[in-house]
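1. Fold the following, please.
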Amino acid sequence: MDNRSNYILREDAGHGNVYLAEDVVAMIAGLAAIRDVDGVTAVGDSTKKSLASQNVKKAARGVKVEINEGIVNVDISLAISYGYNIPETCRKVQTKVQSNIENMTGLKVAGVNLRIAGLNMN
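-> The predicted structure is shown next:
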């Protein structure tokens, strides 16, 4: 298996290895930001409307994930609705992304870096 974009989550000689693709962690992060935090309208080029059609792979666009020795660093580009407090919304995104990745994968999140790339006026 190509290990460039996969992380060995568990090695088990008796049952086999469990690999986790960085793209899966990116999807977890993108979905946490856009679905779980009010005021976030887009991650990368995926909007809440496009995710409503169940195209969850789009949630990984605009998300960069690096996994080194069980430590995850995440960079996310997102858009926020006009009128929302940007620092408060960003703290909520960082908390939600970190907790979702840690709870779903067992990996430790070292940082969630955000880039506000747009402001939605709707």
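
2. for Arg115, what are its contacts?
-> Residues in contact with Arg115, defined by C-beta atoms under 8 Å, 6 or more residues apart in numbering, are 75-78. Backbone N, C-alpha and C define where each C-beta goes, glycine included.

3. Separate out the buried members of those.
-> 75-78 (16 or more other C-beta atoms under 10 Å).

4. What's the first helix or strand after the lowest-mean-pLDDT helix or strand in the chain?
-> Least confident element among the helices and strands of the chain, by mean pLDDT, DSSP states H and E: helix 48-52 (a mean of 54). On the C-terminal side of helix 48-52, the nearest following helix or strand under DSSP states H and E is strand 63-68.

5. Parallel or antiparallel, list what pairs with the very next helix or strand once past that next one.
-> Per DSSP H and E, the first helix or strand lying C-terminal to strand 63-68 is strand 71-81. Partner strands and pairing direction for strand 71-81 (DSSP bridges) are strand 40-43 (antiparallel), strand 63-68 (antiparallel), strand 108-120 (parallel).

6. who touches the residue nearest the centre of the chain in this structure?
-> Centroid-nearest residue in the chain, with C-alpha atoms, centre = their mean: Ala29, separated by 1.4 Å. Applying C-beta under 8 Å, 6+ apart to Ala29 gives the contacts 60, 63, 65, 74, 76, 97, 100-101, 112.
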